[in-house]
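Participant: sequence unknown, structure follows:
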Ligand code: NDP
Ligand code: 8X3
C-alpha cells in the first residue's frame, strides 16, 4: 500500500522535482502551489491516481483548511509533510530594504510553514509519519543582503530541529535539509530578473532541484528506526568562507 506525501510549493523547482521523485518511488502526492496550470500539468504528467493538487496561497489559512478538508479519500492519510514552499525577495542591505518584501518572506517562510505543520501534526503522529523541511545554508552562514531571508531560514532550520524534541517518543521522523545554491526559479523570484539568475549560476555548476529531490527521496525511504536530523548540501563551487574587514582609511 503506497504512502501519501503533502508537498508545499510543487509548481516549480525543488517541490516539483520532489513530487516527481516521490511518485517514481511509489508515493502518492498532494501537490500545492498558486499556479493552477502548473499543477494541472503535473497531474497530466504523473496521473490523477498519483497526484492530487490543491491550488492556494500557503499564507491563506482558510484556503489551507479547505484544501485539507477536500482531500479525496485516497489522499487523506498523510505520512509525509515536505515543508518546501518559500521564497526570497530582494538582496538589498537591511537599511535599504523594502518592508513589504520582509513581511512576505516572514508570512510565507515562517508563519505559513508553522501553520501547515501544526495542522498536519496530529495526523503525522497518528501515522508515525515524517516531516522534511527545506531550510537553507542562508540560515547557517551570513551573506550581505541575506537579512530577513536568512533569518527566516534560520527559523526553518531551528524550528525543524525543535520539532524533533517535541515529537520525542512519537515515532515521527523530522529532518532539516539545508541546501546552498540550487538553480530553480528562486533567483528569478528574488531579483525579478532572468539575467540576474543566469549570471548567478553561470560557470559554477549549481545543484539541481533533482539533487535535492533525490536527497528527500532517500530520506523518506529510510527504515522507521533511522532519523536524519539535518543535512547541509552545497555545490562544490560554493563555500562558506565569509569574513570581511572594513578598513578605516
Ligand atoms: P522556486 O521559486 O523554483 O519554487 C518555489 C515554490 O514555492 C513554488 O512552487 C511556489 O509556488 C511556492 N510558493 C512560494 N510562495 C508561495 C505561496 N505564498 N503560496 C504557495 N506556494 C508558494 O524555488 P525553489 O524550488 O528553489 O525553493 C523551494 C524552497 O527551497 C524554498 O523554501 C527556498 O527557500 C528553499 N531553498 C532554495 C535554494 C535555492 O538555491 N534555490 C537553496 C536553499 C533553500 P507558486 O509560485 O506557484 O505559488
Ligand atoms: C538559498 C541558498 O546560497 O542562494 O537559500 O542563499 S543561497
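Facilitator: Okay, I see it. Predicted model only: the values in this text are computed from it and were never measured. Residues are numbered from 1 along each chain as shown. Ligands and ions are numbered 1, 2, ... in the order given.
Participant: Quick one: residues contacting residue 123.
Facilitator: Residue 123 sits next to 77-78, 129 when contact means Cβ atoms under 8 Å, 6 or more residues apart in numbering. All C-beta spots, glycine's among them, are computed from the backbone N, C-alpha and C.
Participant: buried subset of those residues?
Facilitator: When burial is judged by neighbour count using 16 or more other Cβ atoms under 10 Å, the buried members of the contacts of residue 123 are 78, 129.
Participant: Spit out the contact partners of the residue most central in space within the chain.
Facilitator: For the chain, the residue nearest the mean C-alpha position is residue 84 (1.6 Å; Cα atoms, centre = their mean). Residues in contact with residue 84 (Cβ under 8 Å, 6+ apart) are 7-10, 14-15, 18, 133-134.
Participant: same thing but at 7 Å, please
Facilitator: The contact partners of residue 84, taken as Cβ atoms under 7 Å, 6 or more residues apart in numbering, are 7-9, 14-15, 18, 134.
Participant: from those, which is closest to ligand 2?
Facilitator: Here the nearest of those to ligand 2, counting by Cβ to the nearest ligand atom, is residue 134; it sits at 8.5 Å.
Participant: With adjacent residues omitted, what lies nearest to the closest one?
Facilitator: Taking Cβ to Cβ, 6 or more residues apart in numbering as the measure, residue 134 lies nearest to residue 84, with 4.7 Å between them; neighbours along the chain are not counted.
Participant: measure the one you found to residue 182 for me?
Facilitator: Remark: distance between residue 84 and residue 182 (Cβ to Cβ, to the nearest Å) = 11 Å.
Participant: what is in contact with those two at once?
Facilitator: Jointly contacting residue 84 and residue 182 under the rule Cβ under 7 Å, 6+ apart are residue 14.
Participant: circling back to that earlier point, now secondary structure and distance to ligand 2 too, for the contacts of residue 123, in JSON lines please.
Facilitator: As requested, these are exported to JSON lines (DSSP: H, G, I helix; E, B strand; the rest coil; distance: Cβ to the nearest ligand atom, whole Å):
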{"residue": "77", "secondary structure": "coil", "distance to ligand 2": "32"}
{"residue": "78", "secondary structure": "coil", "distance to ligand 2": "26"}
{"residue": "129", "secondary structure": "coil", "distance to ligand 2": "25"}
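Participant: Find the nearest non-adjacent residue to the closest residue to ligand 2 within the chain, please.
Facilitator: With distances taken as Cβ to the nearest ligand atom, the chain approaches ligand 2 most closely at residue 136, which sits 3.3 Å away. For residue 136, the nearest residue in space outside its immediate sequence neighbours is residue 153; the separation is 3.9 Å by Cβ to Cβ, 6+ apart.
Participant: Double-check that the one you found belongs to a helix.
Facilitator: Yes - counting by DSSP: H, G, I helix; E, B strand; the rest coil, residue 153 is found in a helix.
Participant: Quick check: residue 28 touching residue 75?
Facilitator: Yes - between residue 28 and residue 75 a contact is recorded at 6.0 Å, counting by Cβ atoms under 7 Å.
Participant: tell me, what's touching these two both at once?
Facilitator: Between them, residue 28 and residue 75 share the contacting residues residue 4, judged by Cβ under 7 Å, 6+ apart.
Participant: need the contact list for the residue nearest to residue 136.
Facilitator: With contacts taken as Cβ under 7 Å, 6+ apart, residue 153 has the following neighbours: 109, 135-136, 138-139.
Participant: per-residue confidence for it?
Facilitator: The score at residue 153 is 98. That number is its pLDDT.
Participant: how about low-confidence regions in the protein?
Facilitator: Scanning the chain for pLDDT under 70 picks out the ranges 1.
Participant: got the residue ranges for the helices in it?
Facilitator: In the chain, the segments counted as helices under DSSP state H are 13-24, 36-46, 61-69, 99-105, 113-126, 147-166, 186-191, 194-201, 209-220.
Participant: Of the ones you listed, which is nearest ligand 1?
Facilitator: Go through the helices of the chain one by one with Cβ to the nearest ligand atom and the one that ends up closest to ligand 1 is helix 13-24, at 2.2 Å.
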